[in-house]
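1. Any chance you could fold what I've pasted below:
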Amino acid sequence: MWYCGPSEKDYNNMKFDGAYPSGFLKNWKIAFADYIPSDPKKIIHVCAGRVPKSEGVTLDIDIKYDPDYLCNAETMRYGSLLEGERQVPSDEFDWAIADPPYNDEASEKYYNKKLLNKSMMIKQMARIVRTGGFVAILDQTMPQGKPSNLECVARIGVTSVPNLDVRVLTIFQKI
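-> Numbering: from 1, shown residues only. Have a look, this model is predicted:
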């Protein structure tokens with residue numbers, strides 16, 4: 001079980017919506033130190049929200065977070081019909097890690113959108129991670145319906161003090 005703090009606050013002392021719990025990334029880097037690449041460009045944060053650019057490549061549907069890939073996590077297609085739509089490259093990353101909205105209420109609050117199809121997101125995450133790489137999802141439930149090329153290697157409980165809501169970080173390795 002990882003005990004984390006609430007999401008970081010901004011310069012107005014307001015909670016950052018769309019952020020990992022405080023200390024989450026530090027715990028992840030310690031626990032998986034032997035598997036974290038030295039090049040942060042080999043890590044993609046899906047549904048990244050306010051993940052700092054120093055932590056890796058970011059993918060989000062909301063332009064206000066200035067993601068590297070502005071697109072839906074279900075399709076991972078970006079660009080426009082005029083410019084030419086492209087897909088996030090396959091087999092590009094060592095890690096794809098996601099902290100998607102957990103439920104309909106959070107999805108409406110943070111994105112003003114319907115909750116994404118997490119099975120489709122996981123399928124896309126598996127596509128963009130190289131063989132031997134990892135797909136990790138922080139969510140209120142354990143993922144169901146994973147692609148056959150993913151093997152579960154870890155499940156870690158994550159809670160945020162002071163509210164103590166429990167989430168699960170499920171980590172798969174691409175085989």
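
2. Spatially central, which residue of the chain would that be?
-> Centroid check for the chain by Cα atoms, centre = their mean gives A98 as the closest residue, at 1.4 Å.

3. the longest helix in the chain is where?
-> helix 118-128 (DSSP state H).

4. The helix or strand just after that one: which residues count as buried?
-> Next along the chain after helix 118-128, taking DSSP states H and E as the criterion, comes strand 129-139. Residues 129, 133-139 are the ones in strand 129-139 that count as buried (16 or more other Cβ atoms under 10 Å). Quick note: C-beta positions are derived from backbone N, CA and C, even for glycine.

5. ditto for stretch 68-83
-> 68-69, 71-74, 76, 78.

6. Strands of this protein, start to end?
-> 2-4, 43-46, 57-60, 69-70, 77-78, 86-87, 93-98, 129-139, 150-160, 165-174 (DSSP state E).

7. tell me the most buried of the ones you listed?
-> strand 43-46 (a mean of 26; mean count of other Cβ atoms under 10 Å).

8. Quick one: mean pLDDT over it.
-> Per-residue pLDDT over strand 43-46 has a mean of 98.

9. So which elements touch it?
-> Packing partners of strand 43-46 (3 or more Cβ pairs under 8 Å, 6 or more residues apart in numbering; DSSP states H and E): strand 57-60, strand 93-98, helix 118-128.
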